[in-house]
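K.L.:
sharing a model prediction with you, sequence too.
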Amino acid sequence: MLHIIDARTEEPAPAAPVRRGPTRVQAHVPARDPAGLRVLLVADLLIRALELDGTPAWAVLSGPAGEEDGARLRAHAAALGIRPFEAGGTAGSGPGAGQTVHVMSEGHAAADDATTGTTLAVAPVEPAAPDLADPDALRLALLSRHHHARVELGAAAVDEARDTLARWRRAVARWARQPSRPVPGEVRDRLRDAWEDDLDTPAVLRVLRRVEEDPDLPDGARFETYAYADRFLGLHLARDVGAPQ
């Protein structure tokens, strides 16, 4: 079962109701800045993990009050591969609204004493204006650090992410030309254990690196593993399948 660390208790808490009811994921983004984008990204990952676990999720955004800032935030989020969030909404409203998980920055979580439900806190981002020229590389650079850890998006970190992404996409396109093989059960379990343990994206990426380097895995199994993991990561790893090599 998917668990996250509740910022209020600092203890693991289930992210889904026991009876598989819906989970309302509310992202609190008071300003259009890198920290706000990271909050939305973590909320997006939570929704992806819930859906992979068979739990319906309702995505709600409590965003910037200004119309222009709200529009820019949504545009930047879309560039990062973050799926749309509905605006507004109150606790207890929505389609069969059940459990609520609030996703917010560390500073917002520390000062908040009004919301009810589970709170997932997200650490800050530096610098103040990350480069959105290559959004998938930026997304991978953010995923390379746990959401409880501060992340520095310097040029070196984004360049490393860009190189890794290019290498993986070439490899996935090459593996796709071989007969398909199922994701090995042990590998599937390690992936799920990673993202169900407080959305541990660095652990997910470590599993993919081991799969990439394992000489005993057939290429068809590597392809299916990366395609499966990408349902959580959202990095478009199969984008170059069928393209000339």
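P.N.:
Noted; the coordinates are in hand.

K.L.:
and residue 4, which helix or strand is it part of?
P.N.:
Applying DSSP states H and E as the criterion places residue 4 in strand 3-5.

K.L.:
I'd like the average pLDDT over that strand.
P.N.:
Mean per-residue pLDDT for strand 3-5: 95.

K.L.:
so which elements touch the helix or strand that comes right after that strand?
P.N.:
Note on strand 3-5: by DSSP H and E, the next helix or strand toward the C-terminus is strand 12-14. Applying 3 or more CB pairs under 8 Å, 6 or more residues apart in numbering; DSSP states H and E, one finds that strand 12-14 contacts strand 3-5. Where C-beta positions appear, they are placed from N, C-alpha and C, glycine not excepted.

K.L.:
packing partners of the strand it packs on?
P.N.:
Counting by 3+ CB pairs under 8 Å, 6+ apart, strand 3-5 packs on strand 12-14, strand 118-122.

K.L.:
again, only using 10 Å
P.N.:
strand 12-14, helix 34-52, strand 118-122 (3 or more CB pairs under 10 Å, 6 or more residues apart in numbering; DSSP states H and E).

K.L.:
could I get the ones you listed as TSV with mean pLDDT and mean neighbour count?
P.N.:
Shown next, in TSV, are these (pLDDT from 0 to 100; neighbours: other CB atoms under 10 Å):
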stretch	mean pLDDT	mean neighbour count
strand 12-14	93	15
helix 34-52	93	23
strand 118-122	94	24
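
K.L.:
okay, buried residues for stretch 79-90 please.
P.N.:
79, 80, 81, 82, 85, 89 (16 or more other CB atoms under 10 Å).

K.L.:
if I look at the second one, how far off is residue 225?
P.N.:
For residue 80, the distance to residue 225 equals 23 Å [CB to CB, to the nearest Å].

K.L.:
ok, now the fourth one?
P.N.:
Using CB to CB, we find residue 82 at a distance of 24 Å from residue 225.

K.L.:
now the helices for the protein?
P.N.:
34-52, 67-79, 106-111, 135-143, 155-175, 185-196, 201-213, 219-233 (DSSP state H).

K.L.:
do you know which of those lies nearest residue 239?
P.N.:
Minimum separation from residue 239 across the helices of the chain (CB to CB) falls at helix 155-175, 5.9 Å.
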